[in-house]
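Asker: here is a sequence with its predicted model. Questions after.
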Number of protein chains: 4
Amino acid sequence: MSLLSFEPNRPLDLIGLGRLCVDLNANEIHRPMEETLSFTKYLGGSPANIAVASARLGLRTGFIGKVSNDQFGRFIMKYLEDTGINTENVHVDRTGAVTGLAFTEIKSPTECSILMYRDNVADLKLEPSEVSEDYIASAKAMLVSGTALAKSPSREAVFVALEYAKKHNVVTLFDIDYRPWTWQSKTETGVYCRLVAEKCDVIVGGRDEFDLMETAVGPLRQDDRWTADHWLGKGASIIVVKRGGDGSTAYTKDGGEYKGSTFPANVVKTFGAGDSFAGAFIYGIMNGWDIPRCQEFGAASASIVVSSHSCSDAMPTAEQIQARIDRFRAEGI
Amino acid sequence: MSLLSFEPNRPLDLIGLGRLCVDLNANEIHRPMEETLSFTKYLGGSPANIAVASARLGLRTGFIGKVSNDQFGRFIMKYLEDTGINTENVHVDRTGAVTGLAFTEIKSPTECSILMYRDNVADLKLEPSEVSEDYIASAKAMLVSGTALAKSPSREAVFVALEYAKKHNVVTLFDIDYRPWTWQSKTETGVYCRLVAEKCDVIVGGRDEFDLMETAVGPLRQDDRWTADHWLGKGASIIVVKRGGDGSTAYTKDGGEYKGSTFPANVVKTFGAGDSFAGAFIYGIMNGWDIPRCQEFGAASASIVVSSHSCSDAMPTAEQIQARIDRFRAEGI
Amino acid sequence: MSLLSFEPNRPLDLIGLGRLCVDLNANEIHRPMEETLSFTKYLGGSPANIAVASARLGLRTGFIGKVSNDQFGRFIMKYLEDTGINTENVHVDRTGAVTGLAFTEIKSPTECSILMYRDNVADLKLEPSEVSEDYIASAKAMLVSGTALAKSPSREAVFVALEYAKKHNVVTLFDIDYRPWTWQSKTETGVYCRLVAEKCDVIVGGRDEFDLMETAVGPLRQDDRWTADHWLGKGASIIVVKRGGDGSTAYTKDGGEYKGSTFPANVVKTFGAGDSFAGAFIYGIMNGWDIPRCQEFGAASASIVVSSHSCSDAMPTAEQIQARIDRFRAEGI
Amino acid sequence: MSLLSFEPNRPLDLIGLGRLCVDLNANEIHRPMEETLSFTKYLGGSPANIAVASARLGLRTGFIGKVSNDQFGRFIMKYLEDTGINTENVHVDRTGAVTGLAFTEIKSPTECSILMYRDNVADLKLEPSEVSEDYIASAKAMLVSGTALAKSPSREAVFVALEYAKKHNVVTLFDIDYRPWTWQSKTETGVYCRLVAEKCDVIVGGRDEFDLMETAVGPLRQDDRWTADHWLGKGASIIVVKRGGDGSTAYTKDGGEYKGSTFPANVVKTFGAGDSFAGAFIYGIMNGWDIPRCQEFGAASASIVVSSHSCSDAMPTAEQIQARIDRFRAEGI
């Protein structure tokens, strides 16, 4: 029996839902942002990056979201379309909202920080009424990002989307993607992430993100086993706990536990590692691969992205990922 | 097998959670409010009224809520205490919030309206951190009112309270209590009421309230049977659909369906009918009565309250309710 | 030469601008509000009270303001009309605002307090575009209340009204009427009250109100002479500093200084003393009386209002005021 | 008699007050922003640009403002200090505000647009209490920008600063600098700009800006003569109406009227023309030059700035401006 059962014969493989923003990456790296002179513009936002990863890998990918009615909004829309992502459920804001920005500062490969602009952003203005039930029913799987829960009306749009997904047997994937901006408090974050996690088939997050989400449920465990048992007990099928450079562990409802490692890389910056991992991992499970192969594919993808300057632009194709795996195997790593 | 299983040996029978406000009832009835000259002050708010009903009936009753730091807040606190309701989890706001007000206008027995003051009200300022896990664990049952979901942080406080209740095996009762004030939209109301209803053992609401809650789930049914099957299917044990003067129907997870009628009354106003019904119905189920007896007790209580000027002040004792039932039986009604 | 020069042949004598609200006065006096049972409803708000006083005295009075679209708004509109006040520039809010409320508590004749409801009130929603230039041009004088400056857009409406008044040679009267509610800070209050005071011909306030308004201009003086010199120097013609039970002092641009005393009264509550004084004082100056006579008329009016239960309802006619003056004179007071 | 009288022996010549932000200028010019790949970072904001211009010209310059507590705030602070601008009255925000951003798009020399980020910006968080009376008293002149009036508390800070300036005989200069962002309405803009203009000695603005400011005062004139008479009548000494490529006209209280022309330039973009003009014009009047010479100096400075990629970075020294004037004279232009 498979862990997840995807409806066959659906026009879309995966729909992403949530944050669509612009990354402005410092061109002068290894110095504080006060001293950078210029920035290069990329599509950003965790679910956007995962959607790009998914499309590059050949999944028929769509998106539910909202962009600003300005140059940056048009840039995002065009980038999605150029990448082959279906945008028919991506709306244009009419309230004067702006595109969220992430200025990234790369002081050293391990010391990266972000200056965020999240006030009055278009992605959080998505209305429940703008979520199309038919659109969701046309997909095999839907990926929800935790940042979409940070504010109304986007928060309610997520819950409505999940109800449609359940009704139409769409597999639901939850990337906790905790970002302190926009949230009122960690308690608020925990409440809504738990409500979503209870309704999802696959939950992916860092150890810190699971800890945050679990604080009110019991004493803080920092314990992957407890995490896995708890959420598998609520109905999930796969739980993936990421630990950055230490790889990931996946837990499955049939009792499986799989430790995945990372690939060596010339790390330019750590941004994008998680999104590239998630995109490739999802690609694997949608192809029916076993969990270890999904993890290896994810890790190889991450090793490619962390050695480049961008996140979205750097998302590799399946061939590129496979080539890297083959090379490392040949080198006996 | 009983429909609900209450933990024995708990210091409290029932905890109410949510709205605590002041009713200002027009003294000159049967005229528009423009022409009323004076108002009489009472404790108000659906969960507050139910808590008062419950305490009058002899249940050991507590409350989780928040009152303003002014004369009206002190009035509410004193009224609860004088009624024998435990207030150790009722907080005093420190942000300058006010007490919600409901000016009632009784144009005729069937034409009643309310002028609501719900801006910046203390009851909606209840913080998740102010909900005591130990307090909830000390009770057999907890009643949640839908109006407490209308705004943050009270909304999150409700979800945290429900998590504690589940963890400690406290029976959860949900009174939909839809009031258009404070909510941003009906869609928002539906989203959060559904999330709560999925977690509750008993759900009580008017037909209109169930319709509102169910809009996004499927085509609007206005169909009690569909309502009952849907929510019993989500895990509830008892569903009560109220139809005002036409009585109520209760549905149970063991397949029962019970039509309850109303008692004749000299109706002064219809306010308070639902709360008095709910209080007496809960009293019945906590005493292990069968559903028809609970409904009869609720209907008799409602007939007493609608013939008086107030809601909270008029809540009867068990003896008064029984006396009314006996009288009507003697009269062959 | 007269201190003020009123344009002849204008259809209105005085226009009030600002707060229109409802007072709910405790019927059970001399006890804390927690223990009052009922309240009686009156029109309230300083400029509303002054407008009522002015109309009772026979001045052709109008009002620029905004009321809620509910029973209380209709009550206010009707009360103004019944009192003979022109309401053609009183607008009805369409945004769901409420009427401001003032619950008064009369613990003792000297210990009165107010519980205010000032969130989302209609009177502060007056838009600059709703202020009619023609309406202002049709009056001899306009009275502005400081509370109308507490929030946008009412604040901007006041400045636009003052520009129209200046353009059409309408005498401007400013009642500082400081109420801490709604204002963000005392600094903010000071900034806008000063900007208005600089543009007005007559300024009336308590000693505390002048102190508040003058804090940023220089070291706090608590000095009537400094106050008078400062504002007369900015262009005002008459400054009236009120000191409650100790009477008032008026200063005029021609160097006059007039101490006015109070009349004895059976004080029920102190609310309304200032408004009744202001209404009668304005009546006097519009009739060309000398300052001492205006002060005496104001003090007699105040002595009538403080001995009754309400503010607006108790505003006396010119005959009643004169009768009181005559009686006290006959009694040699 | 001089038009303006500057106090001698003050440590600072000019203080700027208001907007401090970051310009992100598209590196790929002559294409829509959707297609630009990278941006270069500069200090921006009209009063910041004027302060930089002033400091480059050798005036001892200070600033009253607020920056965000992040990398961009630190960049601004450092840039001001490196330019020799005194920052002791520039505060660091502690509320989580961000730096305002202006992404500029240069489609063609005459078709430039800006994508603004003005939500929750630090510069508008300046509190009245943060404006130092002693600091203002230490300067000969203070420049206020209209954008600082767009929101509280910065708006009140401006009025307090103007009161201090008046008290200490500091010449006040007002650059209308109308930007539609942040303002609620044009009526609101007009109200506050008029209140400031009434208190200033020098008013500089485009024809459109004067029109906007004057709408409520009378029928829209689009008439420089009316503008000049109106504001000189309110107490100003110099009015400068800018008409972009058509030069400027200055009007003085002694009846002077001076048409100034522009200098030819290889226009890269039009941004910064007004600020460089204002900086050089102010330099001239503080040196006691006659108006035509001030206008010529301003026009020459503008011709330098419009032919470069930035605003602040391109502000010239007095020698550079004089060299350009000399060259054009030599060429007979």
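Answerer: Received the coordinates, thanks. This structure is a prediction, so every number in the text was calculated from the model and none was measured. Numbers count the residues shown, from 1 in each chain, chains lettered A, B, ... in the order given.
Asker: mind checking the SS state of A:V241?
Answerer: Taking DSSP: H, G, I helix; E, B strand; the rest coil as the rule, one finds A:V241 in the strand state.
Asker: which residues are in contact with it?
Answerer: By C-beta atoms under 8 Å, 6 or more residues apart in numbering or on different chains, the contact list for A:V241 reads A:G205, A:G206, A:R207, A:F210, A:D224, A:T227, A:A228, A:S248, A:T249, A:A250, A:Y251. Backbone N, C-alpha and C define where each C-beta goes, glycine included.
Asker: any chance of those in JSON lines, with pLDDT and secondary structure too?
Answerer: Putting those into JSON lines (pLDDT from 0 to 100; DSSP: H, G, I helix; E, B strand; the rest coil) gives the following:
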{"residue": "A:G205", "pLDDT": "96", "secondary structure": "strand"}
{"residue": "A:G206", "pLDDT": "94", "secondary structure": "strand"}
{"residue": "A:R207", "pLDDT": "93", "secondary structure": "helix"}
{"residue": "A:F210", "pLDDT": "95", "secondary structure": "helix"}
{"residue": "A:D224", "pLDDT": "92", "secondary structure": "helix"}
{"residue": "A:T227", "pLDDT": "95", "secondary structure": "helix"}
{"residue": "A:A228", "pLDDT": "96", "secondary structure": "helix"}
{"residue": "A:S248", "pLDDT": "94", "secondary structure": "strand"}
{"residue": "A:T249", "pLDDT": "97", "secondary structure": "strand"}
{"residue": "A:A250", "pLDDT": "98", "secondary structure": "strand"}
{"residue": "A:Y251", "pLDDT": "98", "secondary structure": "strand"}
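Asker: in PyMOL, how would I select just the buried ones from those residues?
Answerer: Provided next is the PyMOL selection string for whichever of the contacts of A:V241 are buried by 16 or more other C-beta atoms under 10 Å in any protein chain shown:
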select buried, chain A and resi 205+206+207+210+224+227+228+248+249+250+251
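Asker: may I see the contacts of A:V241 arranged in TSV, with distance to chain B as well?
Answerer: Conversion of the contacts of A:V241 to TSV gives the following (distance: C-beta to the nearest C-beta, whole Å):
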residue	distance to chain B
A:G205	19
A:G206	23
A:R207	22
A:F210	16
A:D224	21
A:T227	16
A:A228	19
A:S248	28
A:T249	26
A:A250	26
A:Y251	22
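Asker: name the residue of the stretch 201-333 of chain A that lies nearest to chain D.
Answerer: A:D313 (10.6 Å; C-beta to the nearest C-beta).
Asker: oh, I was asking about the stretch 151-300 of chain A
Answerer: Relative to chain D, the nearest point of the stretch 151-300 of chain A is A:W181 (9.0 Å; C-beta to the nearest C-beta).
Asker: tell me which element that residue falls in.
Answerer: Element membership for A:W181 (DSSP states H and E) is empty, with no helix or strand holding it.
Asker: if I follow the layout properly, it ends up in contact with A:V121?
Answerer: No - because the distance of 9.5 Å does not satisfy C-beta atoms under 8 Å, A:W181 is recorded as not touching A:V121.
Asker: more neighbours: which of the two?
Answerer: With other C-beta atoms under 10 Å in any protein chain shown as the criterion, A:W181 and A:V121 differ in neighbour count, and A:V121 comes out ahead with 29 against 15.
Asker: any idea how far the more buried one is from chain B?
Answerer: Distance of A:V121 to chain B, computed by C-beta to the nearest C-beta, to the nearest Å: 18 Å.
Asker: now do the contacts for that residue.
Answerer: When contacts are counted by C-beta under 8 Å, 6+ apart, A:V121 touches A:C21, A:S68, A:A97, A:V98, A:T99, A:G100, A:T182.
Asker: need phi/psi at it.
Answerer: phi -90, psi 150 (degrees, to the nearest 10).
Asker: report pLDDT for it.
Answerer: At A:V121 the predicted local confidence, pLDDT, stands at 98.
Asker: try A:E127
Answerer: As predicted, A:E127 sits at a pLDDT of 97.
Asker: list the residues that contact it.
Answerer: For A:E127, the residues meeting the contact criterion (C-beta under 8 Å, 6+ apart) are A:P153, A:A157.
Asker: now with 6 Å?
Answerer: Contacts for A:E127 were tallied using C-beta atoms under 6 Å, 6 or more residues apart in numbering or on different chains; they are A:P153.
Asker: re the thing from before, what is the burial count for the nearest residue to the residue of the stretch 151-300 of chain A closest to chain D once chain neighbours are set aside?
Answerer: By the measure of C-beta to C-beta, 6 or more residues apart in numbering or on different chains, the closest residue to A:W181 outside its immediate chain neighbours is A:R118, 4.3 Å from it. For A:R118, the count of nearby residues is 24 (other C-beta under 10 Å).
Asker: hmm, A:R118 is touching A:W183, no?
Answerer: No - with contacts defined as C-beta atoms under 6 Å, A:R118 does not count as touching A:W183, sitting 9.8 Å away.
Asker: where does pLDDT dip in chain A?
Answerer: Of all residues in chain A, those with pLDDT under 70 make up the ranges A:1, A:216-221, A:333.
Asker: quick one: is stretch A:188-195 near chain B?
Answerer: Yes - with C-beta under 6 Å from any C-beta of the partner chain as the threshold, stretch A:188-195 lies in contact with chain B, specifically through A:E188, A:V191, A:L195.
Asker: does the second one touch B:A157 like I think?
Answerer: Just to be clear, that refers to A:V191. No - between A:V191 and B:A157 no contact is recorded; they are 9.1 Å apart, counting by C-beta under 6 Å.
Asker: neighbour count winner among these two?
Answerer: Under the criterion of other C-beta under 10 Å, the comparison of A:V191 against B:A157 puts B:A157 first, with 27 against 23.
Asker: re earlier: what sits against the residue of the stretch 201-333 of chain A closest to chain D?
Answerer: A:D313 is in contact with A:Y42, counting by C-beta under 6 Å, 6+ apart.
Asker: ok, the one 4 residues further on next?
Answerer: Taking C-beta under 6 Å, 6+ apart as the definition of contact, the neighbours of A:T317 are A:R56.
Asker: ok, back up a step: between which two of the contacts of A:V121 is the distance greatest?
Answerer: Spatial extent of these (C-beta to C-beta) is set by the pair A:S68 and A:T182 at 15.8 Å.
Asker: between the two, tell me which one has more neighbours.
Answerer: With other C-beta under 10 Å as the criterion, A:S68 and A:T182 differ in neighbour count, and A:S68 comes out ahead with 27 against 18.
Asker: distance of that one from A:T99?
Answerer: The span separating A:S68 from A:T99 equals 5 Å under the rule C-beta to C-beta, to the nearest Å.
Asker: kindly report the same for A:T40.
Answerer: In this structure, A:T40 lies at 16 Å from A:T99, with C-beta to C-beta as the measure.
Asker: the more surrounded of those two?
Answerer: Between A:T40 and A:T99, A:T99 has the larger neighbour count (other C-beta under 10 Å), namely 26 against 18.
Asker: who touches the more buried one in this structure?
Answerer: Remark: with contacts taken as C-beta under 6 Å, 6+ apart, A:T99 is in contact with A:C21, A:V22, A:S68, A:F72, A:G73.
Asker: who's in contact with stretch A:276-296?
Answerer: If you take C-beta under 6 Å, 6+ apart as the criterion, stretch A:276-296 is touched by A:13, A:50, A:53-54, A:57, A:175, A:204, A:250, A:258, A:260, A:297-298, A:301-302, A:305.
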